[in-house]
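>>> show me the folded form of this:
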Amino acid sequence: MEYRPLRVIISGGGTGGHIFPAVSIASKLKELNPQTEILFVGAEGKMEMEKVPAAGFDIVGLPVVGIQRQLKLKNIVNDLKVPFKVLQSLRKAGKVIDGFKPDIAIGVGGYASAPLLWKACSKKIPALIQEQNGFAGLTNKILSKKAGSICVAYEGMERFFPAEKIVFTGNPIRKEIVPATPEMIAEGNDFYGLDPMKKHILIVGGSLGSRCLNEAMKKWIREGCAGGENVQILWQCGKYYKPEIDAFMENAREKAPLADIHHSDFIKRMDLAYAIADVVISRSGASSISELCAAGKAAIFVPSPNVAEDHQTHNAMALVRKDAAILVKDAEASEKLMGTALELVRDEARLARLGKNAGKLAKTDAAMDIAKEVYRLLDKKEK
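Take a look at the predicted model:
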């Protein structure tokens, strides 16, 4: 099939869980036709303003901000500005659309997605929503009434969206995330300096880190449980917490040898980290879940309680119900997480079963399916 060149606006961001899928969709559209022009629209000051240009795409920022739910003075001040920022963003979004003249607008979630898609729909520009989570947010539920297609990653999304608009595509992921080969495992062990004769647990707290996961690790180390196990741990503690964890580990090593714990702020080769992991401990953002399914890994999810509509719990439970993952509640992680991980890493049969069941849920062609839906939606409009 020949794919004609398009002009596409992709809006959203705020987290890697929104940015990575957006970049994957953009890359696939450019692959189908290199003449396609793509403009990203993000939120000023958010990580997409750095990550998207690094991926080779242009981006425009909107002044939009989100409502902060915690009762603090700075949050109250922020929330008072929200209506004015939304109006400013709507005006700027309209100007961006008029200047770029897109054939279609794609929303991937995040602050900037709402004003851009709202304006696009008001100007009769076809719109597509890519909903990563198993529990749709209010903004996407409202926008779905005007959007032409909603690409989803979980079953049962008719609870939130018009059934006739839903297309089950899965979430786009980084193309290098694949089931481990012996060569990848050997390369991963060399890259991270790990012993191939030992079991490996990967703890992923995200680029900024997770206090909950870090505190669970610290408690386990303080209690002297980190010795005597035939296990090595690769621990991404996050940029925000790195100085604190450095100091903690230096002090802990003065009391006991901890050679089997490798901590860092950021994991550069996630494909190799997944490859060597027997068990992965992670938050349950949509992109993380999609990548773990693609890698076919046994995972323990600790859903973040600090997200809208508790959508990370809904994401994780979609796998737990199919015996494809284990869930440990955030409030119970300090007491239960590491014990659960060590119990799992010793259970070869359960490791294999969880990984196999997770692999069955993988949708590795999601970016292509979404790109095809873009063209289908435009062809439908022209007819």
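
>>> these two touch, right, residue 298 and residue 351?
Yes - in this structure, residue 298 is within contact of residue 351 by CB atoms under 8 Å, at 4.8 Å. Any C-beta I mention is one placed from the backbone N, CA and C, and that applies to glycine too.

>>> which one's more surrounded, those two?
The neighbour comparison of residue 298 against residue 351 (other CB atoms under 10 Å) goes to residue 298, with 25 against 17.

>>> list the contacts of that one.
Counting by CB atoms under 8 Å, 6 or more residues apart in numbering, residue 298 touches 278-280, 325, 344, 350-351, 354-355, 358.

>>> find the nearest non-adjacent residue to it, please.
residue 354 (3.8 Å; CB to CB, 6 or more residues apart in numbering).

>>> for the one you found, give me the pLDDT.
Per-residue pLDDT puts residue 354 at 98.

>>> what's the burial count for it?
25.

>>> hmm, back to that, now tabulate the contacts of residue 298 in CSV and tack on distance to residue 367 and secondary structure.
Formatted as CSV, these follow (distance: CB to CB, whole Å; DSSP: H, G, I helix; E, B strand; the rest coil):
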residue, distance to residue 367, secondary structure
278, 28, coil
279, 28, strand
280, 22, strand
325, 23, coil
344, 31, helix
350, 32, helix
351, 29, helix
354, 26, helix
355, 23, helix
358, 20, helix
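
>>> pick the one among the residues you listed closest to residue 174.
residue 280 (15.2 Å; CB to CB).

>>> tell me the contacts of the closest one?
201-204, 274, 292, 297-300.

>>> what do residue 298 and residue 351 both touch?
Residues touching both residue 298 and residue 351 (CB under 8 Å, 6+ apart): 278-279, 344.

>>> in the chain, what helix or strand scores lowest on average pLDDT?
In the chain, no helix or strand scores lower on mean pLDDT, DSSP states H and E than helix 73-100, which sits at a mean of 78.

>>> can you give me how far the next helix or strand after that helix is from the chain middle?
The first helix or strand that comes after helix 73-100 along the chain, using DSSP states H and E, is strand 104-107. The chain centre lies 19 Å from the centre of strand 104-107; the measure is CA atoms, centre = their mean, to the nearest Å.

>>> which strands or helices does strand 104-107 pack on?
Applying 3 or more CB pairs under 8 Å, 6 or more residues apart in numbering; DSSP states H and E, we find strand 104-107 packed against strand 7-11, helix 113-122, strand 127-131, helix 366-382.

>>> between the ones you listed, which one is closest to residue 140.
Smallest distance to residue 140 across the helices and strands packed on strand 104-107 (CB to CB): 5.5 Å, for strand 127-131.

>>> pLDDT below threshold where in the stretch 101-250 of the chain?
207, 226-228 (pLDDT under 70).

>>> quick one, helices of it?
With DSSP state H, counting those that start in this stretch as the criterion, the stretch 101-250 of the chain has helices at 113-122, 138-143, 182-192, 211-222, 242-255.

>>> who wins for neighbours among the contacts of residue 298?
Among the contacts of residue 298, residue 325 has the most neighbours (other CB under 10 Å), with 28 neighbours.

>>> mind listing what's buried along stretch 328-346?
Within stretch 328-346, the residues scored as buried using 16 or more other CB atoms under 10 Å are 328, 330, 333-334, 337-338, 340-342, 344-345.

>>> tell me which of those is nearest to residue 104?
Taking CB to CB as the measure, residue 330 is the one of the buried residues of stretch 328-346 closest to residue 104, at 38.2 Å.

>>> could you pull up the residues touching that closest one?
Contacts for residue 330 were tallied using CB under 8 Å, 6+ apart; they are 212, 302-305.

>>> could you say which helix or strand holds residue 290?
Assigned by DSSP H and E, residue 290 falls in helix 286-295.

>>> name the nearest of the shared contacts of residue 298 and residue 351 relative to residue 38.
Of all those, residue 38 sits closest to residue 279, with 37.8 Å by CB to CB.

>>> which of the contacts of residue 280 tops the neighbour count?
Greatest neighbour count in the contacts of residue 280, by other CB under 10 Å, goes to residue 292: 30 neighbours.

>>> next one: that one from residue 378, what distance?
Separation of residue 292 from residue 378 (CB to CB, to the nearest Å) stands at 33 Å.

>>> who does the helix holding residue 290 touch, helix- and strand-wise?
Secondary-structure packing of helix 286-295 (3+ CB pairs under 8 Å, 6+ apart): helix 16-32, helix 270-276, strand 279-282, strand 299-301, helix 311-320, helix 348-360.

>>> angle of the last one against helix 286-295?
Counting by axes from the mean of the first three to the mean of the last three CA atoms, to 10 degrees, helix 348-360 points 110 degrees away from the direction of helix 286-295.

>>> just give the closest residue to residue 28, not the sequence neighbours.
Nearest to residue 28 is residue 367, by CB to CB, 6+ apart, at 4.1 Å.

>>> residue 325 too?
residue 319 (3.9 Å).

>>> deepest in the core, which of the helices of the stretch 101-250 of the chain is it.
helix 113-122 (a mean of 25; mean count of other CB atoms under 10 Å).

>>> what does that helix contact?
For helix 113-122, contacts defined as CB under 8 Å, 6+ apart pick out 9, 11-12, 41, 62, 64, 86, 89-90, 92-94, 96-97, 102, 105, 107, 127, 129, 139-140, 143, 146-147.

>>> between helix 16-32 and it, find me the angle.
Orientation check (the same axes, to 10 degrees): helix 113-122 against helix 16-32 gives 40 degrees.

>>> now helix 113-122, how far from the centre of its chain.
Its chain's C-alpha centre and that of helix 113-122 lie 23 Å apart, by CA atoms, centre = their mean.
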